[in-house]
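K.L.:
Can you look at this prediction? I've put the sequence above it.
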Amino acid sequence: MMTHRDALEVLAAHRRDQIVVTTMGSVALWPQLSDSPLDFHYLPSSMGQGVPVGLGLCLARPGHGVVVLTGDGGLLMNLGCLVTVAQFQVPLYILLIDNGLYEVTGGQAVANAGRTNFAAIARGAGIGRVYECASRSEWEAAAGESLSGAGPVFVWLKVAGELGKATPSAPHPMAEQIERLRAALLRCGPVTP
Amino acid sequence: MLGPNDIVSALEAAGFTHLVWIPDSHLGTWEPPLRGSRLAPVRVCREGEAIGLAIGLLLGGGRPLVAVQCTGFFEAGDAVRNAVHDLKLPLKLLVGVRGARAARAGKTADNCPHFAEKVVAAWEVPHTRFDPAEADAAALTSALKSLVDQPTAAALLWAE
């Protein structure tokens, strides 16, 4: 089984000019692999809102791709967001980091850990492009295709649960992150809602 | 009394780019004029999600209005806290107060009017009351201008 870091290393190798929204454990790992002004570390957050934030960015910046790294615990708090996303043809790439745990709070299992079929939920919500990867090699094989083209896309990445990690903190204060992101988006072109 | 066409026209004129909403029996009457509107309606499944989506829109340069019933606002508290106080975004809300008119007339036991303003105030969101049954188009334009001009987050408590 791949590690959380494996999953993000593969993303880093295939990410193009997309905005990357990180949540929870990914906030700690992604800055080790990327320091782009198009990285938005959604921390402090409202748990479960990572995907809606990504969809909002897509709707504000038509045509600009957005990758959202969400955990299984966060997604389970807000499963309806997949139905909302499915209404729109937008380049939103949802990467579900499924470790079966609330890692940040000490490793308690999420509800029904290991038995929930997230790919079926995404398909059932109406998302047409759904991928499922249980190893680094599977993810490496699917990443190029899944992180490009028409969206929305849902990628279920099964990773090993890891305990004892430090509580994540964002590498830049929120106000600075917002300013960096907005400046970078302005350089990409004006808003055309 | 303002009708759905008047309201949607005023929302467009106020400069909002997106209406992130969940209809209730009052807000839902806006749906026919919204179909032909340049205001892009975004239907979500739950009110906290509406706030998350508005965060993304605001980060990307959009000017969204979130329109939800107060019952949904109650549910959305953590997302409101995050948008307004962690991210300090100028989130604009229209919160439908279910039973507000009936409560004023002493004709309902609905506790929504009792809690709505208290909960909005608890999240420290500046707010004003507005009753579309007693207002004209100029009053709505003025109320929306005040909402938009407020540099921080703000809410209109919309009597239903």
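P.N.:
It's in.
K.L.:
middle-most residue in chain A, spatially?
P.N.:
Against the mean C-alpha coordinate of chain A, by C-alpha atoms, centre = their mean, the closest residue is A:Leu69 at 1.6 Å.
K.L.:
close enough to count as contact, that one and A:Ile19?
P.N.:
No - at 11.4 Å, A:Leu69 does not count as touching A:Ile19 under the criterion of C-beta atoms under 8 Å. Just so you know, the C-beta spots here come from the backbone N, C-alpha and C atoms, and that holds for glycine as well.
K.L.:
How confident is the prediction for the residue in chain A that chain B sits nearest to, by pLDDT?
P.N.:
Minimum separation of chain A from chain B (C-beta to the nearest C-beta) falls at A:Gly56, amounting to 2.1 Å. Looking at A:Gly56, its pLDDT is 98.
K.L.:
Please look at A:Val159 and A:Leu96 and confirm they touch.
P.N.:
No - with contacts counted by C-beta under 8 Å, A:Val159 stays clear of A:Leu96, the gap being 9.7 Å.
K.L.:
Before we go further, A:Val67 is sitting in a helix, right?
P.N.:
No - going by DSSP: H, G, I helix; E, B strand; the rest coil, the assignment for A:Val67 is strand, not a helix.
K.L.:
Could you tell me how many residues sit around B:Trp30?
P.N.:
Neighbours of B:Trp30 under the rule other C-beta atoms under 10 Å in any protein chain shown: 22.
K.L.:
do the one 4 residues further on as well
P.N.:
Residues near B:Leu34, counting by other C-beta under 10 Å, number 18.
K.L.:
helices or strands next to the helix or strand it falls within in the packing?
P.N.:
Using DSSP states H and E, B:Leu34 sits in helix B:31-35. When contacts are defined as 3 or more C-beta pairs under 8 Å, 6 or more residues apart in numbering or on different chains; DSSP states H and E, helix B:31-35 sits against helix B:4-13.
K.L.:
just checking, next helix/strand downstream of the helix it packs on?
P.N.:
Beyond helix B:4-13 in the direction of the C-terminus, DSSP H and E gives the next helix or strand as strand B:18-21.
K.L.:
The residue of chain A closest to chain B touches B:Gly56, doesn't it?
P.N.:
Yes - the criterion here is C-beta under 8 Å, and A:Gly56 meets it with B:Gly56 at 2.1 Å.
K.L.:
Leaving out the residues flanking it, which one is nearest to B:Leu11?
P.N.:
Here the nearest residue to B:Leu11 in space, its sequence neighbours aside, is B:Leu39; by C-beta to C-beta, 6 or more residues apart in numbering or on different chains that works out to 5.7 Å.
K.L.:
State the pLDDT value of that neighbour.
P.N.:
At B:Leu39, pLDDT is 93.
K.L.:
next one: A:Val191
P.N.:
Reading off the model, A:Val191 has pLDDT 67.
K.L.:
tell me the secondary structure for the residue in chain B that chain A sits nearest to?
P.N.:
Closest residue of chain B to chain A, C-beta to the nearest C-beta: B:Gly56 (2.1 Å). Following three-state DSSP, the label given to B:Gly56 is helix.
K.L.:
any idea where the helices of chain A begin and end?
P.N.:
A:4-14, A:25-29, A:50-60, A:72-76, A:80-86, A:118-125, A:136-146, A:174-188 (DSSP state H).
K.L.:
Take those and write them to a markdown table, including mean neighbour count.
P.N.:
Converted to a markdown table, the helices of chain A look like this (neighbours: other C-beta atoms under 10 Å in any protein chain shown):
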| stretch | mean neighbour count |
| --- | --- |
| helix A:4-14 | 20 |
| helix A:25-29 | 23 |
| helix A:50-60 | 29 |
| helix A:72-76 | 24 |
| helix A:80-86 | 22 |
| helix A:118-125 | 18 |
| helix A:136-146 | 17 |
| helix A:174-188 | 15 |
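K.L.:
Out of those, which gets nearest to B:Cys45?
P.N.:
With C-beta to C-beta as the measure, helix A:80-86 is the member of the helices of chain A nearest B:Cys45 (3.2 Å).
K.L.:
Does that closest one reach chain B?
P.N.:
Yes - residues of helix A:80-86 contacting chain B under C-beta under 8 Å from any C-beta of the partner chain: A:80-81, A:83-84.
K.L.:
In stretch B:107-125, which residues are buried?
P.N.:
Within stretch B:107-125, the residues scored as buried using 16 or more other C-beta atoms under 10 Å in any protein chain shown are B:112-113, B:115-117, B:119-120, B:123, B:125.
K.L.:
what residues does chain B put near chain A?
P.N.:
Near chain A, when you scan chain B using C-beta under 8 Å from any C-beta, you find B:17-18, B:40, B:42-46, B:48-62, B:64, B:78-79, B:81-83, B:86-88.
K.L.:
Tell me which of A:Val159 and A:Leu96 has more neighbours.
P.N.:
Neighbour totals were compared for A:Val159 and A:Leu96, and A:Val159 leads with 27 against 24 (other C-beta under 10 Å).
K.L.:
quick one, what contacts the residue most central in space within chain B?
P.N.:
With distances taken as C-alpha atoms, centre = their mean, B:Leu94 lies nearest the centre of chain B, 1.1 Å away. When contacts are counted by C-beta atoms under 8 Å, 6 or more residues apart in numbering or on different chains, B:Leu94 touches B:65-68, B:155-156, B:158.
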